[in-house]
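Novice: predicted structure and sequence below. I'll ask about it afterward.
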Amino acid sequence: MFCYQCEQTLRTDTTAGCASDKGACGKDATTSDLQDILIYQIKGIAQYAQLARSVGVVDKAVDDFIQYGFFTTLTNVNFTATRFVNMIHEAARIRDSIKTKYSEAATDQGKPVEEPDGPAQFQPANNMDDILKQESVAVVNKDHDIVGEDVNGLRVLITYGMKGVCAYSHHARMLGYQEDAIDAEVERILAYLTTNPTDIEELLGQALAVGQLNLQVMDLLDRANNGTFGDQEITQVRVTPVAGKCLLVSGHDLHDMGQILEQTKDQGINVYTHGEMLPAHAYPGLKKYPHLVGNYGGAWQDQQQEFADFPGPIVLTSNCIIEPAKSYRQRIFTTGPVGWPGVRHIDNGNYAPAIQAAKALPGFKEDSEAKFITTGFGHKTVLGVADKVVDAVKSGAIQHFFVIGGCDGAKPGRNYYTELADKTPANSIMLTVGCAKYRFNQNDYGDIGGIPRLLDMGQCNDSYSAIKVASALAGAFECGVNDLPLSLMVSWFEQKATAVLLSLLAAGVKGIHLGPSLPPYLTPNLLAVLTERFDLRVNHTPEEDLQTALGQA
Ligand code: SF4
Ligand code: SF3
């Protein structure tokens, strides 16, 4: 195996990458190799899908599979090797089907039928052992020594960024939101990667195209979430348990959340959100369920202790799952792209097994002291008080905005974000998205003229909100986003954050602070380019970075 897609990848002084029997996340070599093969095949499907599109054949089911398949390989999503064997065989069937449709349409139109080479021609073996023997074509770093680390790094950046794009797009598709232009661009970029590109400038351009595509996808997802469940509203969320039977929902997928709430209605079960599901409380279409009672626990990396303590079943709807301890393995369920060997998987939208488990398990015996946090500052909420915000900036009451968001993680050094938030000046506003917020969202930072100093805009899926607010402020002050008193402190862990980073760069945002450590595929040369063109900044100490952000360095 070789995988270096996430921040917790094993690092030595000279190299980075999980390359032995098991990654730092618990992904074993078999699963990792099967994931590489699936990614390779999907690029081959994209080759044919793109050709099919050129003769007017568009098959939405093919794009569903492309995007779902990429999502399953994102960090902390799916660890079940047998699921990947099934998907590899399905990928071959889907490739054959789109190939046939393309050939027939091209022939009907009197056009020559092309036979793309590379991934499009891959034939998987029948069983897992033999498939694993085919892995050499799909190894992430296979061309590293031929093309050099910079070209390899950019190809990897594009592939990993596309995992984030596909994850966000899959969430939107779950709610019935899909756009052909997005699907076509996904196919184009994946097919581009099969051409073995080596031109650095061209690859950089394509990496920014991934960011541009992700902006479209996040816009679609924003419309999907708000269109389905209503615009986020400012909401007080209880963070302490109440007495009664209980069920915990983790991950990002609001469609799953809606189904679970509907199916647990009037069943005497209290539903709690965990991790990135916290913003669900802010949507009218979800908060209308009185049995959605609160948020339980913190960010994903604390789940082994928190899930062990939770007296009910747990449903994981997306990243981040980590190895379930024996104490709760029998009462955790996965759904959608998520998987863990031996953990029950619900793939038909029927949560009856989890509901039965909730009824059978003890639940919370008594109420804990009530404590609350606030969420629901989506872009519509914040822009609803834009006049107040603009006045506060003009009067000097607000002197700076910080976006402190992205992923949380298990490695030491993440307290950087707690310290950073705590040390921001009292005349500044913090916008946050993603699970990084759990480092500081229990703290009371007060308000500025009634505007809370900490505004939780939602999941990492809602990073689009931060971009929208920044653009609107720039419009109000008739300046560019880079001229605003605004600093972005982005916490990176997995590939959704990679896609968001590329989106920010594609939107022309400069001076982003990226941490806690850099993606290993950003080589010194690539970092130098990003620093020169985008003023990308590497984390130092919270004090130093605050000084830089505030222009006092
Ligand atoms: Fe290592 Fe991260 Fe890949 Fe897991 S996802 S194998 S921790 S780089
Ligand atoms: Fe978090 Fe996994 Fe990325 Fe959605 S839940 S931000 S790490």
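Specialist: Looks like it arrived, so ask away. Bear in mind that the values here come from a model prediction, so they are computed numbers and not experimental data. Ligands and ions are numbered 1, 2, ... in the order given.
Novice: need the residues of the protein near ligand 1, please.
Specialist: The chain comes close to ligand 1 at residues 3-6, 8-9, 18, 23-25, 27, 32, 75, as judged by Cβ under 6 Å from any ligand atom. In short, each C-beta sits where N, CA and C put it, glycine included.
Novice: looking at those residues, spot the one nearest residue 374.
Specialist: Lowest distance from residue 374 to those (Cβ to Cβ) belongs to residue 75, with 29.1 Å.
Novice: break down the stretch 251-400 of the chain into its helices, ranges please.
Specialist: Using DSSP state H, counting those that start in this stretch, the helices found in the stretch 251-400 of the chain span residues 254-264, 284-287, 303-309, 326-329, 352-360, 379-384, 386-395.
Novice: against residue 213, how distant is residue 196?
Specialist: Distance of residue 196 to residue 213, given as Cβ to Cβ, to the nearest Å: 21 Å.
Novice: same deal with residue 70?
Specialist: Taken as Cβ to Cβ, the span from residue 70 to residue 213 is 13 Å.
Novice: how many residues are close by residue 387?
Specialist: Close neighbours of residue 387, defined as other Cβ atoms under 10 Å, add up to 10.
Novice: let me fix that: residue 483
Specialist: Other residues near residue 483 come to 10 when the count uses other Cβ under 10 Å.
Novice: list the contacts for it?
Specialist: 474, 477 (Cβ atoms under 8 Å, 6 or more residues apart in numbering).
Novice: so which of the helices of the stretch 251-400 of the chain comes closest to ligand 2?
Specialist: helix 303-309 (9.9 Å; Cβ to the nearest ligand atom).
Novice: so for that closest one, mean pLDDT?
Specialist: Here helix 303-309 scores 97 as its mean pLDDT.
Novice: now for it, which elements pack on it?
Specialist: Helix 303-309 sits against helix 326-329, with contacts defined as 3 or more Cβ pairs under 8 Å, 6 or more residues apart in numbering; DSSP states H and E.
Novice: buried ones in the helix it packs on?
Specialist: residue 328 (16 or more other Cβ atoms under 10 Å).
Novice: with stretch 358-375 instead?
Specialist: Those would be 358, 361, 363-364, 373-375, for stretch 358-375 by 16+ other Cβ under 10 Å.
Novice: how about the helices in the stretch 101-250 of the chain?
Specialist: Taking DSSP H, counting those that start in this stretch as the criterion, the stretch 101-250 of the chain contains helices spanning 128-132, 144-147, 149-174, 180-193, 200-229.
Novice: of all those helices, which one is nearest ligand 2?
Specialist: Closest of those to ligand 2 is helix 149-174, at 9.0 Å (criterion: Cβ to the nearest ligand atom).
Novice: that older thread, of all the buried residues of stretch 358-375, which comes closest to ligand 2?
Specialist: residue 375 (14.2 Å).
Novice: ok so, going back, want to try TSV for the helices of the stretch 101-250 of the chain, with distance to residue 354 as columns?
Specialist: Shown next, in TSV, are the helices of the stretch 101-250 of the chain (distance: least, Cβ to Cβ, whole Å):
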stretch	distance to residue 354
helix 128-132	29
helix 144-147	44
helix 149-174	18
helix 180-193	32
helix 200-229	21
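Novice: need the winner for burial among those.
Specialist: Per residue and on average, the most neighbours among these fall to helix 149-174, with a mean of 25 (mean count of other Cβ atoms under 10 Å).
Novice: by contact count, what packs against that helix?
Specialist: Packed next to helix 149-174, using 3+ Cβ pairs under 8 Å, 6+ apart, are helix 60-72, helix 180-193, helix 200-229, helix 254-264, helix 495-506, helix 524-534.
Novice: between those, which one is nearest to residue 280?
Specialist: helix 254-264 (5.0 Å).
Novice: and the closest one with helix 352-360, angle?
Specialist: 50 degrees (axes from the mean of the first three to the mean of the last three Cα atoms, to 10 degrees).
Novice: show me the contacts for residue 267.
Specialist: Residue 267 sits next to 291, 355, 358-359 when contact means Cβ under 8 Å, 6+ apart.
Novice: per-residue confidence for residue 551?
Specialist: Looking at residue 551, the pLDDT reads 89.
Novice: re earlier: mind checking which of the buried residues of stretch 358-375 are in strands?
Specialist: Counting by DSSP state E, the part of those found in strands is 373-375.
Novice: would a markdown table of those with pLDDT be doable?
Specialist: Formatted as a markdown table, those follow (pLDDT from 0 to 100):
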| residue | pLDDT |
| --- | --- |
| 373 | 96 |
| 374 | 96 |
| 375 | 96 |
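Novice: pLDDT weak spots in the chain?
Specialist: 553 (pLDDT under 70).
Novice: that older thread, could you say which of the helices of the stretch 251-400 of the chain is packed most deeply?
Specialist: Sort those by mean neighbour count, taking mean count of other Cβ under 10 Å, and helix 254-264 sits at the top with a mean of 21.
Novice: got the contact list for that one?
Specialist: 171, 174-175, 225, 228-229, 247, 249, 271, 273, 277, 280, 283, 285-286, 289, 291-292, 315, 317, 335-336, 349-352, 354-355, 358.
Novice: okay, angle between that helix and helix 149-174 too, please.
Specialist: Relative orientation of helix 254-264 versus helix 149-174 (the same axes, to 10 degrees): 30 degrees.
Novice: what about helix 254-264 and ligand 2, touching?
Specialist: No: using Cβ under 6 Å from any ligand atom, helix 254-264 never reaches ligand 2; the gap is at least 12.7 Å.
Novice: residues touching whatever residue of the stretch 101-250 of the chain ends up closest to ligand 2, list them.
Specialist: With Cβ to the nearest ligand atom, the shortest gap between the stretch 101-250 of the chain and ligand 2 falls at residue 250, namely 8.2 Å. Going by Cβ under 8 Å, 6+ apart, residue 250 touches 273-277, 300, 303, 314-317, 321.
Novice: quick one: the closest residue to it other than its chain neighbours and residue 462, what's the gap?
Specialist: Closest residue to residue 250 apart from its sequence neighbours, by Cβ to Cβ, 6 or more residues apart in numbering: residue 274 at 3.9 Å. Distance, residue 274 to residue 462, using Cβ to Cβ: 17 Å.
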